[in-house]
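Enquirer: Sequence first, predicted coordinates after that:
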Amino acid sequence: MKILITGGAGFIGSHVVRLFVNKYPEYQIFNLDALTYAGNLANLEDIEQKENYTFLKGDIVDAAYVDDIFAKYQFDAVIHLAAESHVDRSIVDPLAFVYTNVIGTVNLLNTARKYWQENLQKHLFYHVSTDEVYGTLGEDGLFTEETAYDPRSPYSASKASSDHFVRAYYHTYGLPVKLSNCSNNYGPNHFPEKLIPLAIHNIKEEKPVPVYGKGENVRDWLYVLDHARAIDDIFHKGEVGDTYNIGGVNEWRNIDLIELLCDTMDEKLGRPQGYSRKLITFVKDRAGHDLRYAIDSSKLMNNLGWKPSVTFEQGLSKTVDWYLENTEWLHNVTSGNYKAYYEQQYTDR
Ligand code: NAD
Ligand code: DAU
């Protein structure tokens, strides 16, 4: 089987690529990635020489390029992760999210349809999406696969749009598709614009740790390898046309999470307990900040037998260790353009 994985040089994509390359030596894995600021081939150094792995540098918005690679490699299946993924960036530049997340997805769907039309049923288009499409929750309740879409940021609006197009191609053209909507991931190789790696980096450097608003927003955190394992299960065992929610049953208020992270890092760095909590700085809230996300993954757990493999404490400890050991990776991604991004987001906030 020849599988095209898009966005494989990013955070989640690199873990998915590694899992498939190592677990399925009989598959040929093609990683298509534009290497935007979020794409990093250093994430895949350990597998880049494997015979069943090929990297393709290209943009999913470029329809001619996407057509060329489908013609050349005749992919059997697509696992689509490439996206602009950061909510704060979507507030500054929504159009970039429309190009990649909407137009890029439709380009892939059109091309898959064109090359697979003779024997559609032998193929699969698996679209990786987010729980943010469901909007925001109050103090209780969970997002299920039946929850109505209610995206509230330019990022989630673009992902919701891409989900609608994927389902439209299933219903209108019979393209075999699967979708999954996952909660917040954390783990190694996470770009330090997102809360957990940004906080790890700042705590390490003894810089202020910015917490939006009062830190009362709630997210449901899942270790990235458990997301990759869920994608593997859904790709192989999920029903065509179905959607699966993926979550960690692991809700944290941002402030509680950051305090835990400060204490975990104090212990690992040999600092006095309570030392890093002094770095916590409440800053201006994110515009339209969704209050709470929480996922009901019972369909995935009951039908496909998936469950998270690590507790949050274990996952967070492994994650902190990874960042403390991979100082060169962290240095490389936080020099250059990152500095300008950081200034723009956090100065005078
Ligand atoms: P990321 O930003 O770390 O990586 C995105 C990757 O896509 C990068 O390697 C980037 O170079 C590539 N890319 C961006 N634009 C491209 C384009 N036009 N053409 C080709 N490649 C392009 O993102 P992530 O956090 O790994 O998220 C991966 C996917 O999972 C996204 O679709 C995201 O919506 C979804 N998701 C993420 C989370 C999360 O917590 N991070 C949770 C649920 C779902
Ligand atoms: O729920 C899944 C989504 O999770 C994914 O689809 C997105 O791609 C991913 O980026 C993530 O979105 P969030 O906006 O929830 O993640 P982020 O790490 O940006 O923020 C997590 C919470 O922390 C959120 O409530 C905002 C807050 N925050 C974030 C940053 C960057 C802060 O308080 N301070 C910060 O500096």
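Expert: Looks like it arrived, so ask away. Ligands and ions are numbered 1, 2, ... in the order given.
Enquirer: Contact partners for the residue of the stretch 201-349 of the chain found nearest ligand 1?
Expert: Nearest residue of the stretch 201-349 of the chain to ligand 1, counting by Cβ to the nearest ligand atom: residue 227, 7.1 Å away. All C-beta spots, glycine's among them, are computed from the backbone N, C-alpha and C. The contact partners of residue 227, taken as Cβ atoms under 8 Å, 6 or more residues apart in numbering, are 12, 15, 182, 185, 246.
Enquirer: phi, psi of the fourth one?
Expert: Looking back up the chat, that one is residue 185. phi -90, psi 160 (degrees, to the nearest 10).
Enquirer: Go ahead and confirm residue 248 touches residue 307.
Expert: No. Using Cβ atoms under 8 Å, residue 248 makes no contact with residue 307, being 10.0 Å away.
Enquirer: Can you tell me the element the closest residue to residue 98 other than its chain neighbours falls in?
Expert: Among residues not flanking residue 98 along the chain, residue 158 sits closest, at 5.7 Å (Cβ to Cβ, 6 or more residues apart in numbering). Element membership for residue 158, per DSSP states H and E: helix 154-173.
Enquirer: ditto for residue 140
Expert: Residue 140 belongs to no helix or strand when assigned by DSSP H and E.
Enquirer: In strands only, show me the contacts of residue 227.
Expert: When DSSP state E defines the strands, the subset of the contacts of residue 227 inside them is 182, 185, 246.
Enquirer: Could I get the contacting residues of residue 119?
Expert: Applying Cβ under 8 Å, 6+ apart, no residues qualify as near residue 119.
Enquirer: How about the secondary structure of it?
Expert: In three-state terms, and counting by DSSP: H, G, I helix; E, B strand; the rest coil, residue 119 is helix.
Enquirer: which residues touch whichever residue of the chain sits closest to ligand 1?
Expert: Proximity of the chain to ligand 1 (Cβ to the nearest ligand atom) peaks at residue 10, 2.1 Å away. Contact partners of residue 10, counting by Cβ under 8 Å, 6+ apart, are 33, 38-40, 43, 81-82, 85, 191.
Enquirer: Give me the neighbour count for the closest residue to ligand 2 within the chain.
Expert: For the chain, the residue closest to ligand 2 is residue 130, as judged by Cβ to the nearest ligand atom, at 3.1 Å. When neighbours are counted by other Cβ atoms under 10 Å, residue 130 registers 24.
Enquirer: State the phi and psi torsions of it.
Expert: Per degrees, to the nearest 10, the backbone of residue 130 is at phi -130, psi 160.
Enquirer: pLDDT at it, what is it?
Expert: pLDDT recorded at residue 130 is 98.
Enquirer: Neighbours of the residue lying closest to it once chain neighbours are set aside, how many?
Expert: Spatial nearest neighbour of residue 130, excluding adjacent residues (Cβ to Cβ, 6+ apart): residue 159 at 5.2 Å. Using other Cβ under 10 Å, residue 159 has 29 other residues around it.
Enquirer: just residue 222 next, same as before
Expert: Other residues lying near residue 222 total 26 when counted by other Cβ under 10 Å.
Enquirer: just residue 315 next, same as before
Expert: Count around residue 315 with other Cβ under 10 Å applied: 22.
Enquirer: And it, how far from residue 223?
Expert: 4 Å (Cβ to Cβ, to the nearest Å).
Enquirer: so what sits against both of these two?
Expert: By Cβ under 8 Å, 6+ apart, the residues touching both residue 315 and residue 223 are 186-187.
Enquirer: Could I get the phi/psi values of residue 212?
Expert: phi -70, psi 140.
Enquirer: oh, I was asking about residue 30
Expert: For residue 30, the backbone dihedrals are phi -110, psi 130 (criterion: degrees, to the nearest 10).
Enquirer: and if you look at residue 34?
Expert: Note on residue 34: backbone dihedrals following degrees, to the nearest 10 are phi -80, psi -10.
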